[in-house]
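Asker: predicted model and sequence below, questions to follow.
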Amino acid sequence: WERARPLYAPFESTVTMKTGNADVYDNEIPGGQYTNLHFQAYSLGLADQFSDVKKKYTMANNLLGDIVKVTPTSKVVGD
């Protein structure tokens, strides 16, 4: 893995996340939206509060009835 990792570096989605993350399952956040939210929190200086962002996402999802998260409904929950 250590030797293969540099091959994928140009395709990294953000400067803050270098590997996959199982949090997408715990919080039911689609992968692309997860990395976008993470980078937005990082950009706003809130990277240390990202666990709160994920909790708020889950709360919004539940408030909206745990909808299927595909575009455009994922945007409703995330935005």
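Answerer: Cool, got the structure.

Asker: what about Ser43, neighbour count?
Answerer: Using other Cβ atoms under 10 Å, Ser43 has 12 other residues around it. All C-beta spots, glycine's among them, are computed from the backbone N, C-alpha and C.

Asker: distance between the ends of stretch 35-51?
Answerer: For stretch 35-51, the first-to-last residue distance is 13 Å (Cα to Cα, to the nearest Å).

Asker: would you mark the buried spots in that stretch?
Answerer: Residues of stretch 35-51 classed as buried under the neighbour-count rule (16 or more other Cβ atoms under 10 Å) are Thr35, Leu37, His38, Phe39, Ala41, Tyr42, Phe50.

Asker: pLDDT check: weakest of the residues you listed?
Answerer: In terms of pLDDT, the lowest of these is Thr35, showing 79.

Asker: for it, give its distance to Phe11.
Answerer: Noted for Thr35: a distance of 12 Å to Phe11, by Cβ to Cβ, to the nearest Å.
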